[in-house]
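>>> Here is my input; please provide its structure:
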Amino acid sequence: MTAATMPLLAPAYPELFLAVASMAMLMLGVFRGDGSSRLVAWLSVAVLAVTIVLVVMQPAATAVTFGGLFISDAFGRFAKVLILLGSAFAIIMSLSYVRSEKMERFEYPVLILLASTGMLMMVSANDLISLYLGLELQSLSLYVLAAFKRDSGRATEAGLKYFVLGALSSGMLLYGSSMIYGFAGSTNFALIAQALSGGHASIGLVVGIVFLSAGLAFKVSAVPFHMWTPDVYEGAPTPVTAFFAVAPKVAAMALFVRTIITPFGTVGHEWQQIIIVIAVLSMLLGAFAAITQTNIKRLMAYSSIGHVGYALIGLAAGTEEGVRGILIYLAIYLAMNVGTFAIILSMRRDGQMVEGVSDLAGLAKTHPGMALLLAAFMFSLAGIPPLAGFFGKFYVFMAAINAKLYVLSVIGVLSSVVGAYYYLRIVKLMYFDEASQPLAKPVSGELGVVMTVTGLFTILFFVIPAPLLSIAGAAAKSLFP
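Numbering: from 1, shown residues only. The predicted structure is shown next:
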C-alpha cells in the first residue's frame, strides 16, 4: 500500500492504540483499586507488545499525516521498537521492587504507557509543533515518575529538580523554535529544508538552531546540560532510574537526529561544530567524573552521559553511515543498560535495597551467575571486543573517520580507555574482594529472566550481527531520500 492510498490515520495507528489502551488501563485501575497494580502492570506489558506488532506491521513506504505534522518511516519504526522494548522491560523489572517497597499503585505502569505515547510522537514529529507536544507529554509523565515514591525526600527532590530544569530546557527549545519559524517562515521540517536548500542560513536561524540544540541536549543529558542527571538517577526509585536510562534516552536521541538531519541537513557546517563540542564534553565528563562515584546509580548516570557523547559522534558526522551507527549504538546500549539495572535491582540486603559500589564486593562467590553477567555488561559498556558494546562504538567511530573527523574519533577512543577504569573496578570488586555482608538470595524470577536475555544478547551479538546492521541501515537510509 502506498502513502497515497493509505487511510488518513494509518501512520499513527500504534500511537492511537497506545493512547486508548493507556486510558483503558487507567479506568481499570480506578475501578479495581490498588490491588489491581500487578494485573495492570502485566496488561501494560501486553499493550506494549501489541504496539510493537502494530509498528512492525506498518507499510515500508514513508507516510505523512495530520497535515504534515506526523511522519511514519523506517527510522521512526526502528526507534519506536527500541522505546517500546525499553518501556516493557522497565515495567517487568519494577514488579518485585514495588511489592517489596510497598509502592503497589496502578498509576505506575499507566504513567509509563503515557510517557511511551509521548516518545512515539516525538520520534514521528515532522514539525516543531508536534515535536513539542510529544516532548511535553513524555516529560509530564516522567516528572511524576521521578517523585513517585511519595514518602521519600530524595525522590521528591529528584522530581522537583527534574521539573524545574525540564521547564528551563523547554523554554530554550521553544525560543529556538520561534527563531527558526521567524527566519525560515515555517515550522514544518520539509518546508524548512526547502527554505535552506541553497545551503545558507541567516544569523537568526543559526541562533535558533543553537537554542533548539540546547533544549534537545538537555533531554539526552549531554554536557553542559547534564546537571540534572546524577541527582535524578540517584534520588528516583531504582526502577524509574532504569526506565530513564533506556526508553526516554533512545527517544530523545532519535528526536535529536531527526530534528537536526531532516530540516537542517543542507546547512551542516552551521551546526556540526555544536554537536562536536557537546560530544567531546560529554565523553570526557562521563569518563572522568564517574571514577570517584561510590553510588552505583550515580556511576550509571555519568556512564549514560559518556555514552550519549559516543552516540553524538555519529550525528556530528551528519551522514547516513553516522545515523546507522547511532541506531546500532542505541539498540546495544538499551540491552546493556536494561541488564545492568536488573542486577542493580537485585542488590538487596536484610530486606533493603543497597546502592553502594562496594556492596558488589565478593559477588562472584555468593552469586556467580549474576557476577558473570554483570562482568559481561561492564566489559561491554567499556567497549571491549567481542562483546556488543565494542560494535556500537566501532560503527560510530568508523562513521566519524569516513567523515574526516579524526580528532573527534581519537578523543572518543581515549575517553573509552579512561572510562574502562571504573567498569573494570566493579569487576575487580566482584571477583577479588571479600564481601563483609553478602547480598540476599534468591533473585526474583522476572529480574533473572531480564538479565539473562539481555546478557545473552550482549555476549552473543558478534555471532549474528547482520540482522540488526541491515535493519539499522535501512532505517538510516529513510532519513536521506
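>>> burial measure for P442, as a count.
One way to gauge burial is a neighbour count; for P442, by other Cβ atoms under 10 Å, it gives 8. For every residue, glycine as well, the C-beta is placed using N, CA and C.
>>> what helix or strand does L334 sit in?
Using DSSP states H and E, L334 falls within helix 320-345.
>>> and that helix, how far from the chain's centre?
Taking Cα atoms, centre = their mean, to the nearest Å, the mean C-alpha location of helix 320-345 is offset from the chain mean by 8 Å.
>>> Also stretch 218-237?
For stretch 218-237 - counting by Cα atoms, centre = their mean - the centre lies 12 Å from the chain centre.
>>> same question, stretch 364-374
The gap between the average C-alpha position of stretch 364-374 and the chain average comes to 27 Å, counting by Cα atoms, centre = their mean.
>>> average model confidence for it?
The average of the pLDDT scores along stretch 364-374 is 87.
>>> tell me which strands and helices the helix holding L334 is in contact with?
When contacts are defined as 3 or more Cβ pairs under 8 Å, 6 or more residues apart in numbering; DSSP states H and E, helix 320-345 packs onto helix 74-100, helix 238-264, helix 296-317, helix 368-382, helix 388-402, helix 445-460, helix 466-477.
>>> Nearest to I112, out of those helices?
Shortest distance between I112 and the helices and strands packed on helix 320-345, using Cβ to Cβ, is found for helix 74-100: 5.4 Å.
>>> so can I have a markdown table of the helices and strands packed on helix 320-345 showing mean neighbour count and distance to S282?
As requested, the helices and strands packed on helix 320-345 are arranged in a markdown table below (neighbours: other Cβ atoms under 10 Å; distance: least, Cβ to Cβ, whole Å):
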| stretch | mean neighbour count | distance to S282 |
| --- | --- | --- |
| helix 74-100 | 24 | 20 |
| helix 238-264 | 26 | 12 |
| helix 296-317 | 26 | 3 |
| helix 368-382 | 22 | 15 |
| helix 388-402 | 22 | 13 |
| helix 445-460 | 19 | 22 |
| helix 466-477 | 16 | 22 |
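>>> Minimum distance to L285: which of the ones you listed has it?
In this view, the helices and strands packed on helix 320-345 are compared for proximity to L285 by Cβ to Cβ, and helix 296-317 is the closest at 6.0 Å.
>>> picking that back up, closest one to G67 among the helices and strands packed on helix 320-345?
Nearest to G67, of all these, is helix 238-264, at 16.6 Å by Cβ to Cβ.
>>> Quick check: buried residues in the host helix or strand of Y181?
According to DSSP H and E, Y181 maps onto helix 153-184. Of the residues in helix 153-184, those buried under the neighbour-count criterion (16 or more other Cβ atoms under 10 Å) are 155-159, 161-163, 165-166, 169-170, 172-173, 175-177, 179-181, 183-184.
>>> next structured bit after it?
Reading on from helix 153-184 to the C-terminus, the next helix or strand found by DSSP H and E is helix 189-195.
>>> ok, residues contacting that next one?
Residues external to helix 189-195 that are found in contact with it (Cβ atoms under 8 Å, 6 or more residues apart in numbering): 68, 126-128, 180, 184-186, 258-259, 262-266.
>>> relative orientation of the helix or strand following that helix and helix 296-317 in degrees?
Reading on from helix 189-195 to the C-terminus, the next helix or strand found by DSSP H and E is helix 203-219. For the pair helix 203-219 and helix 296-317, the angle between their directions (axes from the mean of the first three to the mean of the last three Cα atoms, to 10 degrees) equals 150 degrees.
>>> next structured bit after helix 203-219?
Assigned by DSSP H and E, the successor of helix 203-219 is helix 229-235.
>>> what helices or strands is that next one leaning on?
Of the remaining helices and strands, those touching helix 229-235 by 3+ Cβ pairs under 8 Å, 6+ apart are helix 153-184, helix 238-264, helix 296-317.
>>> Of these, which is nearest L429?
Nearest to L429 among the helices and strands packed on helix 229-235 is helix 296-317; the distance by Cβ to Cβ comes to 10.7 Å.
>>> List the strands paired with the worst-scoring helix or strand of the chain on mean pLDDT, with their directions.
For the chain, counting by mean pLDDT, DSSP states H and E, strand 352-353 ranks last in confidence among helices and strands (a mean of 76). When pairs are called by DSSP bridges, strand 352-353 turns out to pair with strand 348-349 (antiparallel).
>>> my guess is G208 contacts L174, does it?
No: between G208 and L174 there is no contact, the gap being 10.7 Å when judged by Cβ atoms under 8 Å.
>>> Quickly note the distance from T454 to F89.
With the distance defined as Cβ to Cβ, to the nearest Å, T454 ends up 8 Å from F89.
>>> likewise G176?
Separation of G176 from F89 (Cβ to Cβ): 33 Å.
>>> quick revisit: spell out which residues are contacts of both of T454 and F89.
Taking Cβ under 8 Å, 6+ apart as the contact criterion, the common neighbours of T454 and F89 are V338.
>>> thinking again about what came up before, out of the contacts of helix 189-195, the closest to M283 would be?
Closest approach to M283 among those (Cβ to Cβ): T259, at 21.6 Å.
>>> Tell me who's in contact with the closest one.
For T259, the contact set (Cβ under 8 Å, 6+ apart) comprises A125, L131, F189, L212, L216.
>>> List the residue ranges of this protein that fall below the pLDDT cut-off.
When residues are selected by pLDDT under 70, those of the chain lie in 1-7, 34.
>>> separation between the residue lying closest to A146 once chain neighbours are set aside and E101?
In space, A146 comes closest to G159 once its chain neighbours are excluded; the distance is 4.0 Å by Cβ to Cβ, 6 or more residues apart in numbering. Here the criterion is Cβ to Cβ. By it, G159 lies 16 Å from E101.
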